[in-house]
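Trainee: No letters, just coordinates:
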């Protein structure tokens, strides 16, 4: 009997600049290793799936692996059931979640990842790995049947986190303020603000951080801790508890 | 028999700088006139209702009228039924809509405004005046039972609209792109991007624009028109059709 452990790589997004893209490709290669040859790509966060899958390959984000896009598969559920690894790209999080429910894939993805196949998520793909997509920055361009998502990790993620005002006209409105408003209504929760280029690597109960920009972790008022910054090398596995 | 017409004033938000606040106060005074003495304030978009109502008065946003906050009323529904005017402040749109449903106020507000009492909305208060709150910029910190809102106007609003990149790490991601993604999934709709300090004045079938920054109107692909900028003095009543 083989004993599987959860293997998850979550990127903040913002990997387009050359140095960050190179770092991401390196992360993916370390993560997937050499025994895996191909992954199943889920392009549902954008509208044009052909364009997205092609673009993703051209940008080199497939990291040298063979990309099979789920929208080309005759049976998407079967494609997940037989995938070696799953890779969900960014775009609009609520569109992505809506499509996952529309094609009845939420349970199947969750089961496969819990059974040990590697999962890579970027931006929206990181949001759907959380208990809900409520800490996404995206508009609700589609209303999913529920905001409950894959629950592969026990905390919420805010991708593309940054410390600047959100809006040139509202100097006081920072991303931190938005996350604090979320925690007012969800006081037991933890939100991980992932700065551009950061990645979280999960290997069963071990969590480590990559990228140069670090993360800021916000705790709900019932947890009663001030926000904390973490950098690569810091011990952050406690977030999985 | 008195013949009522709908009277609605919607602000983008971003009215904090002194000149914009003065302009907003002037708009409110022109809009409510001198026969009205008080309005019912709805502070549900923030968590702390006492603080919000006090702060709103202190900032002068009550424009010289008497502010009765709905959270002080023994029966919120009755308070709406007897209000001379309704004024909904900004904050988190999805929290606001969730509370309006929680206290069963959506129908009552809609009926009263359709029957002719003046409605003022700022930011989140403008979002809830639309068919849905899906074009808000806010996180879904609470999930409302439905995103359907007051439908006082037939178009969607994106408050705090601006033309800059959304995020220092993602130069290409503008608000316009987010709105276009919304319209990909809602191709028959129209979204009015309200720049900071802009106001829409509705007097039955007449719509005019105030403020210095103008609006940008985005049309869904089935309408087939390029985005258009409008400024005060421009004829925009066609948006109510």
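Mentor: Good, I have the coordinates. Everything quoted here is computed from the prediction, not taken from an experiment. Numbers count the residues shown, from 1 in each chain, chains lettered A, B, ... in the order given.
Trainee: Show me where chain A has its helices.
Mentor: A:18-32, A:49-58, A:76-81, A:93-102, A:106-114, A:124-127, A:175-185 (DSSP state H).
Trainee: gap between the residue nearest to residue A:37 when sequence neighbours are not counted and residue A:128?
Mentor: With CB to CB, 6 or more residues apart in numbering or on different chains as the criterion, residue A:37 has its nearest non-adjacent residue at 5.8 Å, and that residue is residue A:66. All C-beta spots, glycine's among them, are computed from the backbone N, C-alpha and C. If you measure residue A:66 against residue A:128 using CB to CB, to the nearest Å, the figure is 23 Å.
Trainee: More neighbours: these two, which one.
Mentor: More neighbours surround residue A:128 than the other of residue A:66 and residue A:128, with 29 against 12 (other CB atoms under 10 Å in any protein chain shown).
Trainee: distance of that one from residue A:75?
Mentor: In this view, residue A:128 and residue A:75 are 21 Å apart by CB to CB.
Trainee: Quick check: residue A:36 touching residue A:63?
Mentor: No. Taking contact to mean CB atoms under 8 Å, the distance of 10.8 Å between residue A:36 and residue A:63 leaves them out of contact.
Trainee: who has more neighbours, the two?
Mentor: More neighbours surround residue A:63 than the other of residue A:36 and residue A:63, with 19 against 14 (other CB under 10 Å).
Trainee: Was I right to think the more buried one contacts residue A:21?
Mentor: No. Taking contact to mean CB under 8 Å, the distance of 9.7 Å between residue A:63 and residue A:21 leaves them out of contact.
Trainee: Next to chain B in this structure, residues from chain A, please.
Mentor: A:13-14, A:16, A:47, A:91-92, A:95, A:133-143, A:147, A:160, A:162, A:164, A:166-170, A:178-179, A:181-182, A:184-186, A:195-197 (CB under 8 Å from any CB of the partner chain).
Trainee: cutoff 6 Å now
Mentor: Proximity of chain A to chain B (CB under 6 Å from any CB of the partner chain) is limited to residues A:14, A:47, A:92, A:134, A:139-143, A:147, A:160, A:162, A:164, A:167-170, A:178, A:181-182, A:184-185, A:196.
Trainee: Now which of the residues you listed would you call buried?
Mentor: For these, a neighbour count by 16 or more other CB atoms under 10 Å in any protein chain shown gives the buried set as A:14, A:47, A:92, A:134, A:139-143, A:147, A:160, A:162, A:167, A:169-170, A:178, A:181-182, A:184-185, A:196.
Trainee: where along chain A do the strands fall?
Mentor: Per DSSP state E, chain A carries strands over the ranges A:7-11, A:38-42, A:66-69, A:86-88, A:119-122, A:156-161, A:165-167, A:170-174, A:190-195, A:199-203, A:206-210, A:215-219, A:228-230.
Trainee: Next, the contact list for the residue nearest to residue A:198 when sequence neighbours are not counted, please.
Mentor: Leaving out its chain neighbours, the residue that sits closest to residue A:198 by CB to CB, 6+ apart is residue A:211, at 3.7 Å. Contact partners of residue A:211, counting by CB atoms under 6 Å, 6 or more residues apart in numbering or on different chains, are A:197-199.
Trainee: Apply 10 Å and report the result again.
Mentor: With contacts defined as CB atoms under 10 Å, 6 or more residues apart in numbering or on different chains, residue A:211 is in contact with A:11-12, A:14-15, A:20, A:23-24, A:27, A:194-200, A:231-232.
Trainee: Residue A:187 too?
Mentor: For residue A:187, the set of contacting residues under the criterion of CB under 10 Å, 6+ apart consists of A:219-224.
Trainee: And the pLDDT for the nearest residue to residue A:43 once chain neighbours are set aside?
Mentor: Of all residues beyond its chain neighbours, the one nearest residue A:43 is residue A:52 (4.0 Å), with distances taken as CB to CB, 6+ apart. In this prediction, residue A:52 carries a pLDDT score of 96.
Trainee: how many neighbours does residue A:52 have?
Mentor: Residue A:52: 21 surrounding residues under other CB under 10 Å.
Trainee: how close does it get to residue B:101?
Mentor: Taking CB to CB as the measure, residue A:52 and residue B:101 are separated by 36 Å.
Trainee: ditto for residue A:106
Mentor: Note on residue A:106: its distance to residue B:101, by CB to CB, is 26 Å.
Trainee: who has more neighbours, the two?
Mentor: residue A:106 (19 against 16).
Trainee: any idea of the pLDDT on the more buried one?
Mentor: At residue A:106 the predicted local distance difference test score is 98.
Trainee: Identify the spatial nearest neighbour of it, chain neighbours not counted.
Mentor: Of all residues not flanking residue A:106 in the chain, residue A:100 sits nearest, at 5.1 Å (CB to CB, 6+ apart).
Trainee: Tell me the pLDDT of the one you found.
Mentor: In this prediction, residue A:100 has a pLDDT value of 98.
Trainee: which ones are touching it?
Mentor: Contacts of residue A:100 were listed using CB under 10 Å, 6+ apart, and they are A:42, A:44-45, A:76, A:88, A:106-109, A:128, A:144, A:149-150.
Trainee: can we see that at 7 Å?
Mentor: Under the criterion of CB atoms under 7 Å, 6 or more residues apart in numbering or on different chains, the contact partners of residue A:100 comprise A:44, A:106, A:128.
Trainee: Count the residues that sit near the nearest residue to residue A:97 once chain neighbours are set aside.
Mentor: Leaving aside its sequence neighbours, residue A:97 sits nearest to residue A:144 (CB to CB, 6+ apart; 4.3 Å). Here the neighbour count serves as a burial measure; for residue A:144 (other CB under 10 Å) it reads 23.
Trainee: From residue A:157, how far off is residue A:144?
Mentor: 17 Å.
Trainee: cool, residue A:83 as well?
Mentor: 22 Å.
Trainee: Over to residue A:186?
Mentor: As it turns out, when the distance is counted by CB to CB, residue A:186 lies 14 Å from residue A:157.
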